[in-house]
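S.K.: The amino acid sequence is not available; the structure is as follows:
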């Protein structure tokens with residue numbers, strides 16, 4: 001229903017917010033490599049392409065229940081389908097310029113060996129049977145939440161993530177990289193940021 005030339009957005013939701021929700025829905029769907037028609041087919045027509053398209057364009061308001069079901073279908077937390085709060089984000093202190101090079105590596109050669117992003121095979125991690133699985137899965141899940149990255153296939157983790165994982169397992173970064181390789185969860189190529 002139109003009121004004063006704008007779409008009726010019931011429950012006080014502005015058209016701008018509906019468009020932001022739609023943008024998030026579209027981003028998550030595309031990250032997973034799905035077309036609108038593929039979602040319709042894979043959901044046994046629970047989410048019809050035309051209706052999902054209207055949600056993504058901000059033309060229709062998605063109910064909380066439908067949003068929850070769509071999040072479950074995509075395999076992401078519900079809050080990832082909502083727009084980000086645009087309030088100020090606290091910043092962490094950066095290392096002093098002399099402590100790291102332009103790539104964020106320290107002057108210690110042992111930390112530079114084998115450095116660089118590591119692409120984790122998320123499907124392999126999910127089926128992994130190793131004592132490290134739960135902790136690595138939780139850490140990777142936190143990175144996905146922080147980045148809003150839910151493509152479900154690959155997650156590239158940075159040097160600092162490797163070092164953090166190494167500390168959790170009481171290892172050094174090089175032996176953590178080796179263990180990731182041994183577990184078979186590392187893809188051989190990782191895209192840089």
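M.R.: Yep, it's here. Everything quoted here is computed from the prediction, not taken from an experiment. Numbering: from 1, shown residues only.

S.K.: For the rest of this, base every contact and every neighbour count on C-alpha atoms.
M.R.: Will do.

S.K.: Quick one: the strands in the chain, in order.
M.R.: 2-3, 6-7, 118-121, 154-157, 186-187 (DSSP state E).

S.K.: could you dump the ones you listed to CSV with mean neighbour count?
M.R.: As requested, the strands of the chain are exported to CSV (neighbours: other C-alpha atoms under 10 Å):
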stretch, mean neighbour count
strand 2-3, 8
strand 6-7, 12
strand 118-121, 22
strand 154-157, 21
strand 186-187, 20
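
S.K.: so can I have JSON lines of these showing mean pLDDT and distance to residue 58?
M.R.: Putting these into JSON lines (pLDDT from 0 to 100; distance: least, C-alpha to C-alpha, whole Å) gives the following:
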{"stretch": "strand 2-3", "mean pLDDT": "38", "distance to residue 58": "14"}
{"stretch": "strand 6-7", "mean pLDDT": "38", "distance to residue 58": "10"}
{"stretch": "strand 118-121", "mean pLDDT": "90", "distance to residue 58": "34"}
{"stretch": "strand 154-157", "mean pLDDT": "88", "distance to residue 58": "29"}
{"stretch": "strand 186-187", "mean pLDDT": "87", "distance to residue 58": "37"}
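
S.K.: can you list those strands in a markdown table and add distance to residue 77?
M.R.: Shown next, in a markdown table, are these (distance: least, C-alpha to C-alpha, whole Å):
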| stretch | distance to residue 77 |
| --- | --- |
| strand 2-3 | 32 |
| strand 6-7 | 28 |
| strand 118-121 | 20 |
| strand 154-157 | 17 |
| strand 186-187 | 25 |
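
S.K.: which stretch among the ones you listed comes nearest residue 71?
M.R.: Residue 71 sits nearest to strand 154-157 of all the strands of the chain, at 19.0 Å, using C-alpha to C-alpha.
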